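Visitor: Here's a sequence, model it:
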Amino acid sequence: MSEKQEIINQMIEMQRRFIELEQKGEFSTEQYYDNEGESELAKYKRTYDELAIKLVDMAHAEKGSQR
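Guide: Numbers count the residues shown, from 1 in each chain. Got it, this is the predicted structure:
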């Protein structure tokens, strides 16, 4: 499996987990909008953003384009 596909799979699994937690009401509104804190959700969002940026960079490199 390529690195790109591994990142996509990881992001999909993260989305599934997020939806599950959200539907169970596992975090508050404050946690939902906190991107800088140390809560599990804030760390999750930072990790997800890092993966998304890496995936975009890989796609640009693959196509020879720039952001």
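
Visitor: next one: stretch 29-37 to chain centre, how far?
Guide: Taking C-alpha atoms, centre = their mean, to the nearest Å, one finds the center of stretch 29-37 at 15 Å from the center of the full chain.

Visitor: List the buried residues in that stretch.
Guide: With burial defined by 16 or more other C-beta atoms under 10 Å, not one residue of stretch 29-37 is counted as buried. For glycine as for every other residue, the C-beta is placed from the backbone atoms N, C-alpha and C.

Visitor: who touches that stretch?
Guide: 39, 41-42, 45-46 (C-beta atoms under 8 Å, 6 or more residues apart in numbering).

Visitor: can you do 6 Å?
Guide: 39, 41-42, 45 (C-beta atoms under 6 Å, 6 or more residues apart in numbering).

Visitor: could you pull out the strands for this protein?
Guide: Under the criterion DSSP state E, the chain carries no strands.
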